[in-house]
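[1] sequence? don't have it. structure:
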């Protein structure tokens, strides 16, 4: 996998809701408002997984969403990173013992960065994206 | 007669102009994003952001969907870029006459402008995704819609040159040599101004920008025509978009603002050409900000039915109104 240095100045983000309560999704929308303006670092929210470098997953993965999440992940062109937003995606959160869960997220697709919180603040989400960048750089350097 | 040197010169000029066109087109996209960000009280990306995006896209995996028609799917971005570059070769840049000027005129430019959009439509249909298919259908509808106002502008300009007894009224070199504003009375002035405003509304539609980005509609069509494109192909489409922006600005400059700055400064030869080229690019930047960036930041997207109504009824009428004012003016002036 080769990684050009321009990669970290141009991260395009695709947002996937895998059964979230919408709390994290609202925080993601808050992150792209002019107050935080991630576009100054080249971060853009895109509409198609084919255009994306980063997959933001919110919510515990429900049984119906699991195959869709897998397909969206496979549709993204590599190199790619997955960021799991919110407590639900890490442990199931308040839905941890639900009969309808196929998650958490890392049971379905490989996750690179976790951003905990219910819901995480926009600052936390930006920090998560930056952490994902350093992970990408390590990958490019040949470390695992 | 065509000599070897002439052909070589033309090819060299075409290559240089293409490289310049791509570089400047991407810069235009960067300026557009920056100004739009400032209008929303944001800092915005650096001017070099489109170059960075392009470099990243070229380094990414290029996915071709299983149910796509691979040959058309891969050819579409190349045709889009090539045809927008060819239009550039037909446009006069400052005091430099068009490289291919002897081989085509305004009518050809009008048809060539439709080719990138057609390539995108073909690519959309070939990608085998329902989103891309809807996007391609919408692109065709808006193409049909904005041709009428654009045609009325071209007809008005050609009429004006023809009625003043200029031999080659459709050639871009004679359009540039005779600024349209100097050939009309007050009534024609009003008509030309209406046509200028019509052109300012056709440009964002030609470039698929908000409020006319219905074919790409990110929120409901997930990128529409471009939904299945990734990596290198998406990068080529970005470049084509930049060159197209430059071409639309260049066409507006050639028709409505063809004045050069070098006679004022008393320059000649190559210095004049360079200064005029810089002046030309400045004019393109200003026109692009006014007719693309301000409109796209200030408005929301039209529905596809609204696009058709707007272009066929309101802007179509505006174009014909401007055209009839120009004709009326030249009849009253006794030019015909």
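    Cool, the structure landed. Owing to the predicted nature of the structure, the values given are computational and were not obtained by experimental measurement. Numbering: from 1, shown residues only, chains lettered A, B, ... in the order given.
[2] Can you show me the helices along the stretch 1-150 of chain B?
    In the stretch 1-150 of chain B, the segments counted as helices under DSSP state H, counting those that start in this stretch are B:4-39, B:49-59, B:70-90, B:106-126, B:130-163.
[3] The longest helix seen in chain A vs chain B: in contact?
    Criterion DSSP state H: the longest helix present in chain A is helix A:122-140. No: applying C-beta under 8 Å from any C-beta of the partner chain, one finds helix A:122-140 separated from chain B by no less than 10.7 Å. In this view, the C-beta of every residue, glycine as well, is placed from N, C-alpha and C.
[4] buried set for that helix?
    By neighbour count on 16 or more other C-beta atoms under 10 Å in any protein chain shown, the buried set for helix A:122-140 is A:122, A:124, A:125, A:126, A:128, A:129, A:131, A:132, A:133, A:136, A:140.
[5] So which of the residues you listed is the closest to residue B:60?
    Closest approach between the buried residues of helix A:122-140 and residue B:60, by C-beta to C-beta: residue A:136, at 12.4 Å.
[6] got the contact list for that closest one?
    For residue A:136, the contact set (C-beta atoms under 8 Å, 6 or more residues apart in numbering or on different chains) comprises A:3, A:7, A:8, A:79, A:81.
[7] Let me know the pLDDT of it.
    Confidence at residue A:136, expressed as pLDDT, is 74.
[8] near chain A, which residues of the stretch 51-200 of chain B?
    Taking C-beta under 8 Å from any C-beta as the criterion, the stretch 51-200 of chain B approaches chain A at residues B:51, B:52, B:53, B:55, B:56, B:58, B:59, B:60, B:61, B:62, B:63, B:131.
[9] hmm, try it at 7 Å
    Neighbours of chain A within the stretch 51-200 of chain B, by C-beta under 7 Å from any C-beta of the partner chain: B:52, B:53, B:55, B:56, B:59, B:60, B:61, B:63.
[10] element containing residue A:13, please.
    Using DSSP states H and E, residue A:13 maps to strand A:12-17.
[11] by how many degrees do that strand and helix B:49-59 diverge?
    70 degrees (axes from the mean of the first three to the mean of the last three C-alpha atoms, to 10 degrees).
[12] Quick check: mean pLDDT of the helix or strand just after strand A:12-17?
    Next in sequence after strand A:12-17, counting helices and strands by DSSP H and E, comes helix A:23-31. Helix A:23-31 comes out with an average pLDDT of 90.
[13] what are the ranges of the helices in chain A?
    Under DSSP H, chain A gives helices at A:23-31, A:65-75, A:87-91, A:122-140.
[14] which stretches of chain A aren't confidently modelled?
    Along chain A, the parts satisfying pLDDT under 70 run over A:1-5, A:139-144.
[15] at 80 what do you get?
    For chain A, the stretches flagged by pLDDT under 80 are A:1-9, A:78, A:103, A:133-144.
[16] on that earlier part again, direction included, what does the strand holding residue A:13 pair up with?
    Applying DSSP bridges to the sheet, strand A:12-17 is found paired with strand A:44-45 (parallel), strand A:54-58 (parallel).
[17] got a list of contacts for the last one?
    So the one you mean is strand A:54-58. Strand A:54-58 is contacted from outside by A:11, A:13-18, A:20, A:24-25, A:28, A:69, A:73, A:76, A:80-86, A:89, A:105, A:129, A:132, using C-beta atoms under 7 Å, 6 or more residues apart in numbering or on different chains.
[18] cutoff 6 Å now
    Under the criterion C-beta atoms under 6 Å, 6 or more residues apart in numbering or on different chains, residues A:11, A:13-18, A:20, A:24-25, A:81-86, A:89, A:105 lie in contact with strand A:54-58.
[19] buried residues in the helix or strand harbouring residue B:191?
    Here residue B:191, judged by DSSP H and E, is contained in helix B:186-206. For helix B:186-206, burial by neighbour count (16+ other C-beta under 10 Å) applies to B:187-188, B:190-192, B:194-196, B:198-206.
[20] If you compare the directions of that helix and helix B:130-163, what angle comes out?
    Going by the same axes, to 10 degrees, helix B:186-206 makes 160 degrees with helix B:130-163.
[21] what's the neighbour count on residue B:8?
    10 (other C-beta atoms under 10 Å in any protein chain shown).
[22] cool, and the one 3 residues further on?
    For residue B:11, the count of nearby residues is 11 (other C-beta under 10 Å).
[23] now it: how far from chain A?
    Computed as C-beta to the nearest C-beta, to the nearest Å, the residue B:11 to chain A distance reads 31 Å.
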